[in-house]
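Undergrad: Sharing a model prediction with you, sequence too.
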Amino acid sequence: MAPHFILEALKVNFELITVDRKNNAQKSDEYLALNPAGRIPTLIDNELTLFESPAICVHLAETNPKSNLIPKVGDKTRALFFQWLMYLTNTVQAELMVYFYPQKHTTDDKSVNNIVQAQELIITDAFKLLDRELANKDYLIGQSISVCDYFLFMLAVWADEIENPPLSYGNLSRYLRHLAQDEAIINVCKKENLSLKDYQ
């Protein structure tokens with residue numbers, strides 16, 4: 001979803017091709033020829049084929065510098081941009097993946113519920129940290145929307161059914177409701193049949 005947000009925000013021409021996950025189309029020989037990791041998404045940009053969502057988002061932002069979706073080289077907020085993008089991908093997203101697919105992280109079915117409960121605590125701590133960071137801020141970095149904001153919105157949508165969802169935190173809720181008014185987010189959610197009702 002995050003790369004889709006970026007493409008919509010850039011207002012560039014692109015073709016969105018859905019992958020049939022129910023039939024494991026991402027593991028087909030045809031798909032693996034593009035993305036040997038067999039995961040979604042994959043970006044084909046002229047002769048460049050790229051996978052991993054954060055890499056795709058950074059590439060799109062860097063190749064469209066007028067978008068200001070990533071701080072320019074030399075900007076003091078650029079390091080913070082990468083700090084938060086790494087936190088969102090390597091911590092928040094990674095922990096959410098364990099939460100959603102606990103059976104992949106144990107050989108003992110009896111321990112699945114324990115994994116889910118442990119992940120709830122870890123994810124709660126991560127959202128508490130983000131909530132504190134967003135006090136008196138409309139965006140995670142700087143004064144305008146960036147790749148990090150689109151990425152965080154995606155993760156918040158993923159996490160909307162956990163025990164303490166992102167909308168249950170004061171600063172994070174205000175921030176997410178503000179982002180939900182962004183044109184790119186609105187357009188993508190319409191295309192992906194996702195309701196923004198909870199964010200209004």
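TA: It's in.
Undergrad: just checking, residue 39 is part of a helix?
TA: No - the assignment for residue 39, made by DSSP: H, G, I helix; E, B strand; the rest coil, is coil rather than a helix.
Undergrad: quick one, helices of this structure?
TA: 2-10, 29-34, 53-62, 78-86, 94-100, 112-133, 147-158, 170-179, 183-191 (DSSP state H).
Undergrad: In the record's domain split, what are the boundaries for the protein?
TA: The record's domain parsing of the chain by automatic domain parsing lists 2-67, 78-199.
Undergrad: what residue is smack in the middle of the protein?
TA: Nearest residue to the geometric centre of the chain (CA atoms, centre = their mean): residue 151, 3.3 Å.
Undergrad: who are the neighbours in contact with that one?
TA: The contact partners of residue 151, by CB atoms under 8 Å, 6 or more residues apart in numbering, come to 2, 53-54, 57, 85, 88-89. Placement of C-beta: from N, CA and C, glycine included.
Undergrad: Recalculate using a threshold of 10 Å.
TA: Residue 151 sits next to 1-3, 5-6, 53-54, 57, 84-85, 87-89, 92-93, 140 when contact means CB atoms under 10 Å, 6 or more residues apart in numbering.
Undergrad: so what pLDDT did it get?
TA: Note on residue 151: pLDDT of 98.
Undergrad: Against residue 55, how distant is it?
TA: 12 Å (CB to CB, to the nearest Å).
Undergrad: Quickly list what's touching both of the two.
TA: With CB under 10 Å, 6+ apart, residue 151 and residue 55 have common neighbours 3, 89.
Undergrad: and the lowest-mean-pLDDT helix or strand in the chain, how far from the chain's centre?
TA: Using mean pLDDT, DSSP states H and E, the weakest-scoring helix or strand in the chain turns out to be helix 29-34, at a mean of 93. Relative to the centre of its chain, helix 29-34 is centred 24 Å away, using CA atoms, centre = their mean, to the nearest Å.
Undergrad: Which strands and helices lie in contact with that helix?
TA: strand 42-45, strand 48-51 (3 or more CB pairs under 10 Å, 6 or more residues apart in numbering; DSSP states H and E).
Undergrad: make it 8 Å
TA: With contacts defined as 3 or more CB pairs under 8 Å, 6 or more residues apart in numbering; DSSP states H and E, helix 29-34 has these neighbours: strand 42-45.
Undergrad: and the strand it packs on, which strands flank it?
TA: According to DSSP bridges, strand 42-45 has the following sheet partners: strand 48-51 (antiparallel).
Undergrad: contact partners of the partner strand?
TA: Contacts of strand 48-51 (CB under 8 Å, 6+ apart): 34-35, 37, 39, 41-44, 56, 59.
Undergrad: Switch those over to a markdown table; also include distance to residue 157 and neighbour count.
TA: A markdown table is the format used below for the contacts of strand 48-51 (distance: CB to CB, whole Å; neighbours: other CB atoms under 10 Å):
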| residue | distance to residue 157 | neighbour count |
| --- | --- | --- |
| 34 | 26 | 14 |
| 35 | 23 | 19 |
| 37 | 23 | 10 |
| 39 | 19 | 14 |
| 41 | 16 | 18 |
| 42 | 21 | 19 |
| 43 | 20 | 21 |
| 44 | 25 | 13 |
| 56 | 18 | 21 |
| 59 | 23 | 18 |
